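Enquirer: everything below, folded, please.
(chains A and B)
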2 protein chains.
Amino acid sequence: MKAIIESLLDIDFYKFTMGQLIFLRHPAVPVKFAFKNRTKSVKIAEGVDMHELREHLDYARTLRFRNSELHYLRGTNEYQERMFYEDYLESLRTLVLPEYLLEDDGNGGFRLEFEGKWSEVTYWETIALSIVNQLYFSSLLKKMSRFERDMVFANGRLRLAEKIRKLREHPEISFTDFGTRRRFSRQWQQYVVQTMAEELPKQFRGTSNTMMAMLFNLLPMGTCAHEMDQGYSGIYHNSDDEIRSSHQRLLDDWWKQYGWGLSIALTDTFGTDFFFRDFTLEQARNWKGLRQDSGDPFKFGEKAIRFYESHGVDPKSKLLIFSDGLDVDTIIRIHDSFRNRINVTFGWGTDLTNDLGFKPLSLVIKVVEANSHGAVKLSDNLAKAIGQAEDIERFKRIFGYTATTYLKCRF
Amino acid sequence: MKAIIESLLDIDFYKFTMGQLIFLRHPAVPVKFAFKNRTKSVKIAEGVDMHELREHLDYARTLRFRNSELHYLRGTNEYQERMFYEDYLESLRTLVLPEYLLEDDGNGGFRLEFEGKWSEVTYWETIALSIVNQLYFSSLLKKMSRFERDMVFANGRLRLAEKIRKLREHPEISFTDFGTRRRFSRQWQQYVVQTMAEELPKQFRGTSNTMMAMLFNLLPMGTCAHEMDQGYSGIYHNSDDEIRSSHQRLLDDWWKQYGWGLSIALTDTFGTDFFFRDFTLEQARNWKGLRQDSGDPFKFGEKAIRFYESHGVDPKSKLLIFSDGLDVDTIIRIHDSFRNRINVTFGWGTDLTNDLGFKPLSLVIKVVEANSHGAVKLSDNLAKAIGQAEDIERFKRIFGYTATTYLKCRF
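Expert: You can find the predicted model right below:
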């Protein structure tokens, strides 16, 4: 077996920014993450052998943070001086990825779940996704001749070159690699990241992959994910009001912990309309910006500009990060659309690290239970919603989410 | 310095088939080979550093045939049992590539000449060409970024894939790698040869590169080059008649040495019209076939068919090998044109092993003096002619070569 994950730093940086907040405030909250294949047309178990998957997951459980890796995290000063506390780093030193559940789902797929203390299970997400993706795409390569495999990478390079060519024509566009979870393979992501760093040094801002940021002297990027909103809504769950206010609690805790440095708010966990109703004038003024992860990016951008303007805040002082299903043409169109109106940047995932001619998979590992409650993510695209039907309905009511709200935005 | 030539088997197989005949019959004849860059638009010395070139040529002079390499040659039985005699193999065991002359030509190029006993200098040809080519193309790569270099190879793979795709549509086409002398690099030729062997195992007949034939269990291919006709015309040079008859002497010696196995006659050294006048009825019957290396391949094929038919020989029992500036489309057109009329196959050079997006160079190392006489090659394309102007004029007269002869072929 050639290991897919060889380092616990081979993980998205936001796992550490979230991980520290979880460790400091809610370490023992029970949480369950579950794997989901959103690409219905693919029977994932046909490509991924469960025995092999188990081997790789088990191997990841043997990994420990190495001294130099903890040194790297300790040395992180790009967002805040001594951003990671010693207590937290000490907890990482002894971290062992918790046990997992893996079984055939009897329908061409498998159940893969991670249940345990939030402060431990959280680290599985991108690790398990990277493993499943790489096993799946390796299985496609294995069916090919040596030369056909070479052609896959030749095509991948051409596609990468085309991206670079187009981005060079727009030197004011900046972007970040967000592709760890969906990568074709570790090696390919590494190749892409290194290439972008060399070819577009002024436009490529960094990578979400902590190990690659370390290897290639890049900025490790990432702030906060749906997981935090979902976790908080399970912790503060005694009434509809408490659930609703859990969103504001998280924003508050996050700001207290990280201040301006990591103040990018994720907007779509309970629908963007709710977000803009809940995000306060003070937050609008203080926070660096917003991240868009579902729905129509153009409409979102317009809405954000109107939001800031209606609060008397100059949009040109704010930053929007787009991270939903981007490709280079969409990046350019979004950029053109908001040029000189609001700052934009891009967290580029699947299409950056898995564009070699195969249809990529939309795999996710999401919180499905938090503090023994069914967890919900609504997002601006109900196809991306997570949760039991009844919980989703309840959350839609609590957060004033309607299918049409999005279009009837008040800003 | 990373060696370009690491083995004396990294040489075209015909150097051994010719080399043995030279060794057995004319070992001490003084011969001079000279390098020529036919690509006028390129100042070769701008890409090839003379100091570096000298290092590589000197390194090649330190090489000796290894035991297992001589075993390989001794074991060659594809054309004839024990085709290489022990005396010849013994001479190879002690072979040292002779000294060379290298100097600036004051005009953006350099003089590179190999003068000495024919049985020794003959081995320089493809070795020196491979070195000059690789140094030149490496110099282009060195100006690129790492990713631009990757793109060169990605493009090369795509071009190779396109060749394979087209050839798969014509499964009756067979071909051989003749690209050692013009290769982009040893590594790339090796990649191409291995790929063709794996992807088109029924169509790819072998390679002219002896080392690669050994490495990849392929048929080593090659028979006879212009060098032999040129050498013989210098040895038998006492009168116009003797010069003219030297052509027939070589055919005779070759047949006595190798018989049917290697009986492919090269047709253009003194012009194809002369060849067809000189090639006898007996030879037409006995010899396996002909190789075309200049002029119009379609006209040549028609001429060959008419030649055989006029001698009462069934063209379908004969083989034409085309080896002049082929690309895949030309290969297909030639093949289509002669399908079911005469057997054809292809010796594919530059376009096979040096198709990565750079303009290839037309570099040659040709005999310019044989037995102290100016040597001449006319060919069917006077742009490819070799020799002093007065010698060329004399040979044109001797061999009845006129600019229009080619078109007024009597068959």
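Enquirer: could you give the mean pLDDT of stretch A:156-163?
Expert: Average pLDDT, stretch A:156-163: 97.
Enquirer: same deal with stretch A:18-27?
Expert: For stretch A:18-27, mean pLDDT rounds to 98.
Enquirer: so which residues of the stretch 251-400 of chain A form strands?
Expert: A:264-266, A:289-292, A:319-322, A:343-348, A:363-370, A:373-374 (DSSP state E, counting those that start in this stretch).
Enquirer: indicate which one of those strands is closest to chain B.
Expert: Nearest of these to chain B, taken as C-beta to the nearest C-beta: strand A:343-348 at 17.0 Å. C-beta: built from backbone N, CA, C; applies to glycine.
Enquirer: could you say what helices and strands the closest one packs with?
Expert: strand A:175-177, strand A:319-322, helix A:328-338 (3 or more C-beta pairs under 8 Å, 6 or more residues apart in numbering or on different chains; DSSP states H and E).
Enquirer: what pLDDT, on average, does that strand get?
Expert: 98.
Enquirer: how about the residues of the stretch 51-200 of chain A by chain B?
Expert: A:145-147, A:150-151, A:153-158, A:160-161, A:164, A:195, A:198-199 (C-beta under 8 Å from any C-beta of the partner chain).
Enquirer: please repeat the previous calculation with a cut-off of 6 Å.
Expert: Residues of the stretch 51-200 of chain A found near chain B (C-beta under 6 Å from any C-beta of the partner chain) are A:F147, A:D150, A:M151, A:A154, A:R157, A:L158, A:A161, A:T195, A:E199.
Enquirer: any stretches of the stretch 201-350 of chain A with poor pLDDT?
Expert: Within the stretch 201-350 of chain A, not a single segment meets pLDDT under 70.
Enquirer: taking it, what residue is nearest to chain B?
Expert: Closest point on the stretch 201-350 of chain A to chain B, by C-beta to the nearest C-beta, is A:P201, at 10.8 Å.
Enquirer: over to the stretch 301-411 of chain A?
Expert: For the stretch 301-411 of chain A, C-beta to the nearest C-beta, closest residue to chain B: A:L356, 11.2 Å.
Enquirer: now that residue, nearest residue through space, not along the chain?
Expert: A:G156 (3.8 Å; C-beta to C-beta, 6 or more residues apart in numbering or on different chains).
Enquirer: next, the residue of the stretch 201-350 of chain A closest to chain B: secondary structure please.
Expert: Counting by DSSP: H, G, I helix; E, B strand; the rest coil, the backbone at A:P201 sits in coil.
Enquirer: give me the number of residues near it?
Expert: A:P201 has 9 neighbours, counted by other C-beta atoms under 10 Å in any protein chain shown.
Enquirer: quick check: longest helix of chain A.
Expert: In chain A, assigned by DSSP state H, the helix with the most residues is helix A:146-168.
Enquirer: what angle separates it from helix B:146-168?
Expert: 130 degrees (axes from the mean of the first three to the mean of the last three C-alpha atoms, to 10 degrees).
Enquirer: returning to that earlier point: contacting residues for the residue of the stretch 201-350 of chain A closest to chain B?
Expert: The contact partners of A:P201, by C-beta atoms under 6 Å, 6 or more residues apart in numbering or on different chains, come to none.
Enquirer: swap in A:T195?
Expert: Per C-beta under 6 Å, 6+ apart, neighbours of A:T195: B:F147.
Enquirer: which of the helices or strands spans it?
Expert: helix A:186-199 (DSSP states H and E).
Enquirer: hmm, back to that, the residue of the stretch 301-411 of chain A closest to chain B against A:R157, yeah?
Expert: No: using C-beta atoms under 6 Å, A:L356 makes no contact with A:R157, being 9.0 Å away.
Enquirer: show residues contacting the longest helix of chain A.
Expert: So helix A:146-168 is contacted by A:141, A:173, A:199-200, A:203, A:328, A:355-357, B:150-151, B:154, B:157-158, B:161, B:195, B:199 (C-beta under 6 Å, 6+ apart).
Enquirer: same thing with stretch A:279-287?
Expert: Residues contacting stretch A:279-287 (C-beta under 6 Å, 6+ apart): A:S263, A:A265, A:H311, A:V313.
Enquirer: make it 10 Å
Expert: For stretch A:279-287, contacts defined as C-beta atoms under 10 Å, 6 or more residues apart in numbering or on different chains pick out A:247-248, A:251-252, A:254-255, A:259-260, A:262-265, A:267, A:276, A:290, A:304, A:307-308, A:310-313, A:317-319.
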